[in-house]
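Trainee: Return atomic coordinates for the entry below.
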Amino acid sequence: MQQVVKSRSHAGSSFQLVVPELSVSPGEFVAVVGESGCGKSTLLDLLALISKPDAADCYRLVFADSEQHDVADLWSRNDEYALASIRRQHLGYVLQTGGLLPYLNVRDNLLLPMRINRLPGGSKRVKEMAERMGVADCLNRLPESLSGGQRQRVAILRALSHSPRLVLADEPTAAVDKRRARLIVQDLRSLARDEGLSIIMVTHDLDLVHEVADRTYGFEVSQVSENETLSICSQEVL
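Mentor: Down below sits the predicted model:
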C-alpha cells in the first residue's frame, strides 16, 4: 500500500485515514496498535477488500510465487467478482468474537473454507491443525460448549484452514487472559511461519506486540477542525 486514503462521514463529522506505506512479507507478523477511533477498523476493512479506498497511488497483493493482484485497479473498475475471489482464496480473517457458526460443530467450521474453495484433503488437514493447536478433542463439539480460549483457537484455525496468503486478526485474544493470549498468539505465529503466511493483527496488548511482532504500525491522530479528524498510519520503532 502506498498513499491509500479512506474517508468516512457521520452526523456532520468526517474522519480521514491516510496510509503513506504499509507492507508485509511472507511469514511476517505485523501488529497494528492504536486507541479506539484511530482508524484500526477502517484499515482492516481496506486490507480485507471490503471497503473501497478513495485514493491509492499503489495497492497491490504480490505473493511469493509471483502471483499479483492490482487491488487499486480492481476497485477502480468495480470488479467485485475478482475482489471476492481474492478474499475467498487468499485472505483469512479472525474476528474478536470468534465468529464461529453456532449450528456447525468445530470440525465443520474448520472444513467450511476448504469446501467453499473446493480444496482436497480437508479432513486430514483439520485433524493435523487441531492437534497442533490443542483442540483435537473438540472437533465434534458445538462452539457454545467451548471455553473462550478454545473458541479463539478454533477461529484462528478456520482462518488458516484454506492456506490463505494473508491472515487479518482483529483483537483475537481480547476475550482471554494474558497468559492464554500469549500462548494463542505464539501458536498463531508458529503456524503462519511454517506455512509462509503473513499476519496483520490489531491489538491493544503492547507487551504481546513487543514479544511477537516483527514490525508495528500505529496512528497519529489530529483534529484538523471542529468536525474533521485526520489519522495517519505509519510504521513505529519497537
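
Trainee: same for the lengthiest strand in the chain, what does it pack against?
Mentor: Longest strand in the chain, counting residues (DSSP state E): strand 215-225. The contact analysis (3 or more CB pairs under 8 Å, 6 or more residues apart in numbering; DSSP states H and E) places strand 215-225 against strand 29-32, strand 228-236. In short, each C-beta sits where N, CA and C put it, glycine included.

Trainee: Ser14 is nearest to which of these?
Mentor: strand 228-236 (5.2 Å; CB to CB).

Trainee: The longest strand of the chain to strand 228-236, inter-axis angle?
Mentor: 160 degrees (axes from the mean of the first three to the mean of the last three CA atoms, to 10 degrees).

Trainee: Pick the most deeply packed of the helices and strands packed on strand 215-225.
Mentor: strand 29-32 (a mean of 23; mean count of other CB atoms under 10 Å).

Trainee: any idea which element Ala175 lies in?
Mentor: For Ala175, there is no host helix or strand (DSSP states H and E).

Trainee: any idea how far it lies from His10?
Mentor: Distance, Ala175 to His10, using CB to CB, to the nearest Å: 28 Å.

Trainee: of the two, who's got more company?
Mentor: Counted by other CB atoms under 10 Å, Ala175 and His10 do not tie: Ala175 has more neighbours, with 16 against 7.

Trainee: Check for me that Leu74 belongs to a strand.
Mentor: No - secondary structure of Leu74 (DSSP: H, G, I helix; E, B strand; the rest coil): helix, not part of a strand.
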